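Asks: Generate a structure from the sequence data that follows.
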Amino acid sequence: MPLSTQISEDLKNAMRARDAAALNVIRALKSAVKYAAIEKLGADGELDDAGIMAVVRKEIKKRQDSIASYEQAGRLELAGTEKAEIAVLEKYLPAAMSAEELSALVSSVITELGATSKKDMGAVMKALQERAAGRADSRTLSAEVTKRLS
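Replies: Just a heads-up that it's a prediction; the model follows:
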């Protein structure tokens, strides 16, 4: 089932279940997807699954930044709300890579490209992001590559 259809179905199910928290998050996601589609493709455009996943990642990133701010300010109840919203959004992303899979992928790309120093990091990161296909975030990939190339 296409991701846009799944989001619409989840929105209906949240309405039926009277799940206000999930309903608000899914509505915001649907709105963000529509705005991104209009921005990229015009008023009648619709994003494909890859485009929708990029929007979901962006929304998760926003919430992660908010969590950091709230925890710094001692507002743990607001941080908890943001964490719950992230849990709802993560349903729309593919399963994350395990630490072993990530380590193996980084090793194979570094070996394949013959990377030996930090100046090769850009090429390694580009190849990794293509192969990870949304199953690992850039920050995690970057940390692993930095550890290997330093």
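Asks: which residues touch the most centrally placed residue in the chain?
Replies: Nearest residue to the geometric centre of the chain (CA atoms, centre = their mean): R57, 2.6 Å. Applying CB atoms under 8 Å, 6 or more residues apart in numbering to R57 gives the contacts L93, G134, D137. No exception for glycine: its C-beta is placed from N, CA and C like everyone else's.
Asks: now, among these, which is nearest to D48?
Replies: G134 (12.9 Å; CB to CB).
Asks: Please report how far the closest one lies from K12.
Replies: According to CB to CB, to the nearest Å, G134 and K12 sit 25 Å apart.
Asks: out of the two, which sits in the more crowded spot?
Replies: More crowded of G134 and K12, by other CB atoms under 10 Å: G134, with 16 against 12.
Asks: Spell out the secondary structure type for the more buried one.
Replies: Secondary structure, DSSP: H, G, I helix; E, B strand; the rest coil: G134 is coil.
Asks: Spit out the contact partners of it.
Replies: Residues near G134 by CB under 8 Å, 6+ apart: A50, M53, R57, L93, P94.
Asks: can you pull out the strands in the chain?
Replies: Remark: no strands are assigned in the chain by DSSP state E.
Asks: hmm, back to that, closest one of the contacts of R57 to M125?
Replies: D137 (11.9 Å).
Asks: List of residues touching stretch 112-131?
Replies: Contacts for stretch 112-131 (CB under 8 Å, 6+ apart): L105, V106, V109, I110, A136, S138, L141, S142, V145, T146, L149, S150.
Asks: Columns neighbour count on top of those residues, output as JSON lines?
Replies: Shown next, in JSON lines, are those (neighbours: other CB atoms under 10 Å):
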{"residue": "L105", "neighbour count": "19"}
{"residue": "V106", "neighbour count": "26"}
{"residue": "V109", "neighbour count": "22"}
{"residue": "I110", "neighbour count": "21"}
{"residue": "A136", "neighbour count": "20"}
{"residue": "S138", "neighbour count": "13"}
{"residue": "L141", "neighbour count": "21"}
{"residue": "S142", "neighbour count": "15"}
{"residue": "V145", "neighbour count": "21"}
{"residue": "T146", "neighbour count": "12"}
{"residue": "L149", "neighbour count": "16"}
{"residue": "S150", "neighbour count": "8"}
